[in-house]
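Q: Using only what follows, build the 3D model:
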Amino acid sequence: MNYKVLSTLSMTESQFEAIKARLLPRIYDDRDDALAWCRDVNKIGGISWSIEADDGTFLSRRQICREIDLRASQLVGRPKKYG
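A: All right, here's what the predicted structure looks like:
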């Protein structure tokens with residue numbers, strides 16, 4: 001399964017919505033790698049806006065942050081590759 005991650009440098013949600021269609025998603029074949037990428041983006045001051053899977057499941061910005069907090073120890077050493 002593929003996981004598409006949309007992330008940007010720090011900006012408002014309205015700015016993100018305005019450019020969302022032009023962003024190139026980062027694609028991962030492992031959900032934990034996608035989450036770890038989001039963790040790294042957030043650490044440097046960026047914003048991980050969403051993770052969308054092929055099956056239609058979707059994590060929002062807040063859900064991503066919550067998942068990273070809950071699973072921090074399981075994400076150590078990831079992502080295995082940088083999209």
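Q: Flag the shaky bits of the chain, pLDDT-wise.
A: 81-83 (pLDDT under 70).
Q: Please pull up the helix or strand immediately following the longest helix anywhere in it.
A: The longest helix of the chain (DSSP state H) is helix 31-43. Moving toward the C-terminus from helix 31-43, the next helix or strand (DSSP states H and E) is strand 47-53.
Q: just checking, what packs against the helix or strand that that next one is followed by?
A: Sequence order places strand 58-60 as the next helix or strand after strand 47-53, per DSSP H and E. Counting contacts by 3 or more C-beta pairs under 8 Å, 6 or more residues apart in numbering; DSSP states H and E, strand 58-60 is packed against strand 47-53. Backbone N, C-alpha and C define where each C-beta goes, glycine included.
Q: Point out the other helices and strands that the strand it packs on packs with.
A: Short answer (3+ C-beta pairs under 8 Å, 6+ apart): strand 47-53 packs on strand 3-8, helix 31-43, strand 58-60, helix 61-70.
Q: how about the second one as PDB, C-alpha atoms only?
A: In PDB, the C-alpha atoms belonging to helix 31-43 read as follows (Å, rounded to 0.1, in the frame of the first residue of the first chain):
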ATOM      1  CA  ARG A  31       2.900   3.700   7.200                       C
ATOM      2  CA  ASP A  32       5.500   3.900   9.900                       C
ATOM      3  CA  ASP A  33       8.000   5.400   7.500                       C
ATOM      4  CA  ALA A  34       5.400   8.000   6.500                       C
ATOM      5  CA  LEU A  35       4.800   8.900  10.200                       C
ATOM      6  CA  ALA A  36       8.600   9.100  10.800                       C
ATOM      7  CA  TRP A  37       9.000  11.500   7.900                       C
ATOM      8  CA  CYS A  38       6.200  13.600   9.400                       C
ATOM      9  CA  ARG A  39       8.000  13.600  12.700                       C
ATOM     10  CA  ASP A  40      11.200  14.800  11.100                       C
ATOM     11  CA  VAL A  41       9.300  17.600   9.200                       C
ATOM     12  CA  ASN A  42       7.600  18.700  12.400                       C
ATOM     13  CA  LYS A  43      11.000  18.700  14.200                       C
END
